[in-house]
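> Provided below are the primary sequence and the corresponding predicted coordinates.
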Amino acid sequence: MSKVRVRFAPSPTGSLHVGNARTALFNWLFARHHGGAFVLRIEDTDVERSELRYETQLLEDLRWFGLDWDEGPDKSGAFGPYRQSERQDFYARYATQLIDQGQAYHCFCSAEQLETERQADTKAGRQPKYSGRCRKLQRVEAARRITAGEPASLRLKIEASAFTWHDLVHGATTFSGEVIGDPILVRSDGHPAYNYAVVIDDHLMEITHVIRGDDHISNTPRQLALYQAFDWEPPHFAHLSTILGPDRARLSKRHGATSMESFRELGILPEALRNYLALLGWSTGDGVTEILSDEEMIKQFSFDHVTKSPAVFDLEKLNWLNRHYLKESPPARLAELAFPFLARAGYLTEPSNPSILHWVWNVVNAVLKNLDTLSQLPDATRPIFNYDAASIIHGEETRHVVEEAGSREVLAAFIPKVLAESELTYEKFRVIAKAVQKETGKKGKDLFHPIRVAVTGAVSGPELEKLIPIFEEGAQLALTHPVKNTAQRLREFAQAAGL
RNA sequence: GGCGCUAUCGUCUAGGGGUUAGGACGUCAGAUUCUCAAUCUGAAAACCCGGGUUCGAUUCCCGGUAGCGCUACCA
């Protein structure tokens, strides 16, 4: 096989959607697996100039997702330009060639006329298809009407009786030529139609494999017809199945978080998303592998195990993978990732010094196992940053702990001992807890639960073993949102509870 | 309506003419822990329907059904 070249050709219309991200990922995996080139082409023929900012966002989303491309609008390459809007000359030149060869013709039918015919076809139970009226027009006649200023589109003459290709995912695929009307190549306003522009671009960019969504399957015969008209060798095609929402409808914005932007905001790690999306529609074939590094994905990727059937996007499983990658993340990276989320909650301000960063990592690490995404961080760390004795005493969940005689007994013994210490460590805490145990005869849950409630204000949370040092260290740091140490907490609690 | 694509636990999937139909997420139960979680162990949970081929079909073929896509001078 000659050198593999694949492309991802999105239209810039907003943040990159999972469906497109997966298509991009599969292109990337295939290119990297074969040591080929991954080309990024922007399909912006119809996009307003003012919306060029979407292209910037698209590139950013792609970079965040973790894909890199070899050629694209922001890179030089031998096959540019990489924006369709800058390739008008090519489209015009090849259109002329087709007209000269007699394989394309001008069509003067009005939109209303076509619409009427289409409706008549549908009503009669036929496949709506262009009648081919203008195909019969003489070249001179057509030329005359164009000079006269009559608007005209350009259509391709479909001659073949059938179109067949070997799809890398679906296998042999055939469409009858009967059902394909002569497709528009260039619109009457001069814009190239999608099916025309892609073929020109893919050929000129020497794309060897077209990997795209299966919503393009029925476009493929039209494109094949174009390759035939030019006598160009068509690329290989691979049509990926659709990603569905939980309701089995095509996944879209209304299904919630489905764009790179929303995943980033949620605190989903790109490597988790890559892993998840790679396995949505592809498997290694061993029936067991769930967690894959980029290297492993690239090494093992093959169309042999790409599924034909549509797949439902499952956020739960993504979260599971995200949890995995969160735990795998090196401390420095984790702290860096977590910082913005804590800053947004008003707990910290950037920039920060190394000792704060280290402390942040301890905080994140303490609550990590309760997290699906980083966006849950403010919630999970609330007991660390906020302590309010009054709400503990009146709180629905915590009130009974304070009122219970056994708990009061434990706390009455516990609090003075902590306050007597000048500095609390987890070891000292253990010693004190032991002493309280001996004194009150309480142990296990009866002993630690009241202490947990008094110190953290919550009935659940990370281990006290982790929390105590966090409180103590946090109180030493110059934080925007000061953290109270254990003694301070207990002092406030004792006063409010009348202990 | 026409054309096309698809069909294994709730979800992602492995498998394949004879299997106890495997794994993962989720769910449930037990163990463990000061709690929640995490972790470990275990459980429930699937071959869309009907014909045909065959000694034998979940697997191959045909039909149906359902879901999705396309049906544009959108991309």
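Perfect, I can see it now. Residues are numbered from 1 along each chain as shown, chains lettered A, B, ... in the order given.

> tell me which parts of the stretch 301-450 of chain A are close to RNA strand B?
A:305, A:307-312, A:314, A:316-317, A:319-320, A:369-370, A:444-445, A:447-449 (Cβ under 7 Å from any atom of the strand). C-beta: built from backbone N, CA, C; applies to glycine.

> So which residues of the stretch 101-250 of chain A form helices?
A:111-123, A:139-147, A:194-204, A:220-230 (DSSP state H, counting those that start in this stretch).

> Pipe the ones you listed into CSV and attach mean pLDDT and distance to RNA strand B per row.
Shown next, in CSV, are the helices of the stretch 101-250 of chain A (pLDDT from 0 to 100; distance: least, Cβ to the nearest atom of the strand, whole Å):
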stretch, mean pLDDT, distance to RNA strand B
helix A:111-123, 87, 5
helix A:139-147, 91, 12
helix A:194-204, 96, 3
helix A:220-230, 95, 8
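
> rewinding a little: give me the subset of the residues of the stretch 301-450 of chain A next to RNA strand B lying in helices.
Within these, residues falling in helices by DSSP state H are A:316-317, A:319-320, A:445, A:447-449.

> Let's have the helices of the stretch 101-250 of chain A in JSON lines, adding distance to A:H394 and mean neighbour count.
Output for these, formatted as JSON lines (distance: least, Cβ to Cβ, whole Å; neighbours: other Cβ atoms under 10 Å):
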{"stretch": "helix A:111-123", "distance to A:H394": "68", "mean neighbour count": "12"}
{"stretch": "helix A:139-147", "distance to A:H394": "83", "mean neighbour count": "12"}
{"stretch": "helix A:194-204", "distance to A:H394": "64", "mean neighbour count": "21"}
{"stretch": "helix A:220-230", "distance to A:H394": "67", "mean neighbour count": "21"}
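
> Adding distance to A:G19, write the ones you listed out as CSV.
Formatted as CSV, the helices of the stretch 101-250 of chain A follow (distance: least, Cβ to Cβ, whole Å):
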stretch, distance to A:G19
helix A:111-123, 28
helix A:139-147, 40
helix A:194-204, 17
helix A:220-230, 18
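
> For chain A, identify the residue most remote from the centre.
Most distant from the centre of chain A: A:E439, at 56.4 Å, with distances by Cα atoms, centre = their mean.

> ok now do A:G77, which residues does it touch?
By Cβ atoms under 8 Å, 6 or more residues apart in numbering, the residues touching A:G77 are A:39, A:70-71.

> Recalculate using a threshold of 10 Å.
A:37, A:39-40, A:69-71, A:205 (Cβ atoms under 10 Å, 6 or more residues apart in numbering).

> Now, of the residues of the stretch 301-450 of chain A next to RNA strand B, which are buried?
Among those, those scoring as buried are A:311, A:319, A:447-449 (criterion: 16 or more other Cβ atoms under 10 Å).

> Would you mark the buried spots in the worst-scoring helix or strand of chain A on mean pLDDT?
Here the helix or strand of chain A ranked lowest by mean pLDDT, DSSP states H and E is helix A:399-403, holding a mean of 80. For helix A:399-403, a neighbour-count test (16+ other Cβ under 10 Å) marks A:401-402 as buried.

> how much distance is there from that helix to the middle of the chain?
Relative to its chain's centre, helix A:399-403 lies at 45 Å (Cα atoms, centre = their mean, to the nearest Å).

> Stretch A:184-197 now?
With Cα atoms, centre = their mean, you get 31 Å for stretch A:184-197.

> list the buried ones in it?
A:184-188, A:191-197.

> who in the stretch 151-300 of chain A is up against RNA strand B?
A:151-153, A:170, A:173, A:175-176, A:179, A:184, A:187-189, A:191, A:193-195, A:214-219, A:241-242, A:244, A:248-250, A:279-281, A:283, A:285-288, A:290.

> Go again with 6 Å.
For the stretch 151-300 of chain A, the residues in contact with RNA strand B (Cβ under 6 Å from any atom of the strand) are A:153, A:170, A:173, A:175, A:179, A:184, A:187-189, A:191, A:193-194, A:214-215, A:217-219, A:242, A:248-250, A:279-281, A:283, A:285, A:287-288, A:290.

> Do you know the pLDDT at A:G177?
pLDDT for A:G177: 87.

> Also the one 10 residues further on?
According to the per-residue confidence, A:R187 scores 92 in pLDDT.

> Which pair in the ones in helices among the residues of the stretch 301-450 of chain A next to RNA strand B has the greatest spatial separation?
A:K317 and A:L447 (39.1 Å; Cβ to Cβ).

> Was I right to think A:A380 contacts A:N365?
No. With contact defined as Cβ atoms under 10 Å, A:A380 does not reach A:N365; the gap is 11.5 Å.
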